[in-house]
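**Q** Provide a 3D model corresponding to the input given below.
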Amino acid sequence: MIKIAEVRVVDEEGGQLGVMATEDAKKLAEERSLDLVEIAPNVHPPVVKIMDYGKFKYKQSKKARQSKKKQHLIHLKEIKLRPTIEEHDLQFKLRNAEKFLEHKDKVKFTMRFRGREMEHIDLANHIFGRIKEQFSDIAVVEKEVTLVGRIMSMIIGPRSDKRGGR
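**A** A predicted model of the protein is given here:
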C-alpha cells in the first residue's frame, strides 16, 4: 500500500537501515516474515518500519485503553432549589452536592421563581450565600450567581488540590 518510490527503513530492533527503494524494503520484510509499516508519512522520504503489524495494532489498542482508564470525565450535575425550601431539604441536597464534588464533578444550583416569588430574591441570595460558604473549603465558584428571567443559577467546581488553591 506504500506508493512512494524511496523510503527510510528502520528494522524491528529500531536500527536504521537507510534509504532504499520501496520494493527492496518490501522484499526485506517478506524475508523476515514481517510487515512493512509506514510510521512517519509526512517526512521526505517517509519512514517505514519492519514489524509484525498485528502486534503493533495490539500494543496501540492496549496503550489507548490504559490512557482511557486514567481519564476522568467531568460531568455537570444540576441541583434544583426553590426560594421557600425547607432546611432539611436544603441539607439533603447539599449532601448530594458534596458527593458530586468528591467525584470531581461540577455542580450547578438552579432556583426557579414562580408567580410572586420574584419578590423574594433576597431569600435566594441568602441561600446561595450559604452554599458558597459551606463549600468554600472543597469547591470554587466557577460561575457567580446570575438571574436570567425567572431562573437564578450558580456553578461550583471541585478544587484541584486539598489546600484550597486552584
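**Q** how about low-confidence regions in this structure?
**A** Counting by pLDDT under 70, the ranges of the chain that qualify are 161-166.
**Q** Please report the distance of the most centrally placed residue in it from Lys104.
**A** For the chain, the residue sitting closest to the mean C-alpha position, by C-alpha atoms, centre = their mean, is Leu73 at 4.6 Å. Leu73 sits 9 Å away from Lys104, going by C-beta to C-beta, to the nearest Å. Glycine gets a C-beta too; all of them are placed from N, C-alpha and C.
**Q** can you point me to the longest helix in this structure?
**A** helix 53-70 (DSSP state H).
**Q** and after that helix, which helix or strand comes next?
**A** The first helix or strand that comes after helix 53-70 along the chain, using DSSP states H and E, is strand 76-81.
**Q** which helices and strands sit right next to whatever helix or strand comes next after that next one?
**A** With elements assigned by DSSP H and E, the helix or strand that comes after strand 76-81 is helix 87-102. Applying 3 or more C-beta pairs under 8 Å, 6 or more residues apart in numbering; DSSP states H and E, we find helix 87-102 packed against strand 76-81, strand 106-112, helix 121-134, strand 151-158.
**Q** Adjacent strands (with direction) for the second one?
**A** Note on strand 106-112: by DSSP bridges, its sheet partners are strand 76-81 (parallel), strand 151-158 (antiparallel).
**Q** List every C-alpha atom in the longest one, with coordinates, as PDB.
**A** The C-alpha trace of strand 151-158 is given here as PDB (Å, rounded to 0.1, in the frame of the first residue of the first chain):
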ATOM      1  CA  ILE A 151     -34.100  31.400  37.000                       C
ATOM      2  CA  MET A 152     -31.200  32.100  39.300                       C
ATOM      3  CA  SER A 153     -28.100  29.900  38.900                       C
ATOM      4  CA  MET A 154     -24.600  29.300  40.100                       C
ATOM      5  CA  ILE A 155     -21.900  26.800  39.100                       C
ATOM      6  CA  ILE A 156     -19.300  25.400  41.500                       C
ATOM      7  CA  GLY A 157     -16.500  23.000  40.700                       C
ATOM      8  CA  PRO A 158     -14.100  20.900  42.800                       C
END
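**Q** I'd like to check what contacts it. Which residues are they?
**A** 74, 76, 97, 101-102, 104-113, 121, 124, 128, 131-132, 135, 138-146 (C-beta atoms under 8 Å, 6 or more residues apart in numbering).
**Q** Filter these down to the buried ones, PyMOL style.
**A** Typed into PyMOL, the line below selects the buried ones among the contacts of strand 151-158, using 16 or more other C-beta atoms under 10 Å:
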select buried, resi 97+101+105+106+107+108+109+111+113+124+128+131+132+135+139+145
